[in-house]
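In: Pasting the sequence and the predicted model now:
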Amino acid sequence: PPRRLPDMPTAGTVLLVLRWLVLVLALVLASFDHLKEGVLLAPGYTVLIVAAYNMALSLAGRRVRWLQGPLNFLALDTLVAAGAVYLTGGYHSGFFMLFVSIIIGAAMYLDLAPTVLVVILISLIFAAVCAINPASLRTPEALSALAVKALPLQLLGVVTGLLLEGLRREHQETERERQQTERLRALEQAQRSFINSIAHELRTPLTCIRTSVELLQSAATPEVRQELVGTIEHHAGWLEGLVSDLLESTRLEAGQIMLTRQPTDLRLIVERTVRAMAPLIQQRGQHLETALPEAPLPAIPEPAMPAP
């Protein structure tokens, strides 16, 4: 689909300004054209008609959806320019300048290769209009005048297309670098979140192990010592499980394993949590009782939500 040059002011506004500029230039060139051969309508009237067309297109372009397509109104511009050239003398008409805004507009919306094709098409249309005008192209002077006007149009199209294509590629490269920077920032944020999560997961068992060791030094009975030793073993196993999970996560990122959700018993989760927190509860002189049903409490865990 047609695309305008990125990061550019509204292309329609730019083309509208170009239409009026080239119309003024066409009027200036027509004032120096004293040939009457093939002139079917005075240049002054032609200027008024083209000006009325520009105004009508500006108003209708906001309401008529078809005119909002860039190639559609450029096609209308081509018809109007061809008609103006035909009516004002063909090869010696100054209204060939109207093709300038069309070529620049095509370069704004199209890539280089389609722009070159449009330039060639416009050159053929210009030559055909000059050929069917009563002044025709029978004389060497007419052919020379046609070449003098057509070649700059082609050169303008190629140069404009190259410049805008370079700007497009520069914009794409800048956009690619911006996206890469955003991905690196997202990766950095993910790494920071991962480190915070790991630190949180390690802090809990380490705190419980340290508390159990402190309580073990002042334990009064063998039963209490045995319970504290069991707590230390439990949290040591927890740490070992965390290390295993880290290794498994590496394999998961490499696509070597697949995770599946399976039912779990909520009672086991509560019991493990209470047992893990027992040293901290005991150290603070608190008491915790749980009332769990005898029947299992199956549940399917949901996927973990990403950290904010």
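Out: Good, I have the coordinates. Numbering: from 1, shown residues only.

In: alpha carbons only for contacts and neighbour counts from here, please
Out: OK.

In: Tell me which residue is most central in the protein.
Out: With distances taken as CA atoms, centre = their mean, the residue of the chain nearest its centroid is E175 (7.8 Å).

In: any idea how far I102 is from that residue?
Out: E175 sits 28 Å away from I102, going by CA to CA, to the nearest Å.

In: Look at the residue nearest to the centre of the chain and report its pLDDT.
Out: Reported pLDDT at E175 in the predicted model: 87.

In: just E302 next, same as before
Out: We have a pLDDT of 65 for E302.

In: do the same with L76
Out: Model confidence at L76 (pLDDT) stands at 89.

In: my guess is the residue nearest to the centre of the chain is in a helix, correct?
Out: Yes: counting by DSSP: H, G, I helix; E, B strand; the rest coil, one finds E175 located in a helix.

In: ok, it to Y109 distance?
Out: 19 Å.

In: Ok, H287 next?
Out: Distance from H287 to Y109, by CA to CA: 74 Å.

In: Among the two, which residue is more densely surrounded?
Out: Y109 (21 against 8; other CA atoms under 10 Å).

In: Please verify my assumption that the more buried one contacts P70.
Out: Yes: taking contacts as CA atoms under 8 Å, Y109 lies within contact range of P70: 7.3 Å.

In: This protein: helices as residue ranges?
Out: Assigned by DSSP state H, the helices in the chain fall at 11-31, 43-60, 70-87, 98-109, 112-132, 140-217, 222-253, 266-283.

In: Give me the helices and strands touching the shortest one, please.
Out: Okay, so that is helix 98-109. helix 11-31, helix 70-87, helix 112-132, helix 140-217 (3 or more CA pairs under 8 Å, 6 or more residues apart in numbering; DSSP states H and E).

In: same deal with the second one?
Out: Using 3+ CA pairs under 8 Å, 6+ apart, the elements in contact with helix 43-60 are helix 11-31, helix 70-87.

In: Those into a markdown table, with extra columns for mean neighbour count and distance to A190?
Out: Shown next, in a markdown table, are the helices and strands packed on helix 43-60 (neighbours: other CA atoms under 10 Å; distance: least, CA to CA, whole Å):
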| stretch | mean neighbour count | distance to A190 |
| --- | --- | --- |
| helix 11-31 | 17 | 40 |
| helix 70-87 | 19 | 43 |
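
In: now for those, which one comes closest to L202?
Out: Closest approach to L202 among these (CA to CA): helix 11-31, 58.0 Å.

In: I'd like to check which residues are in contact with A51.
Out: W20, L23 (CA atoms under 8 Å, 6 or more residues apart in numbering).

In: could you check the distance from it over to I122?
Out: Counting by CA to CA, the gap from A51 to I122 is 21 Å.

In: repeat for H287
Out: According to CA to CA, H287 stands 90 Å off from I122.

In: same check, this time on S136
Out: 18 Å.

In: go on, A147?
Out: 13 Å.

In: who has more neighbours, those two?
Out: Neighbours of A147 and I122, each counted by other CA under 10 Å, are more numerous for I122; the result is 21 against 15.

In: in terms of contact, does that one touch F99 like I think?
Out: Yes: I122 is in contact with F99 according to CA under 8 Å; the separation is 7.5 Å.
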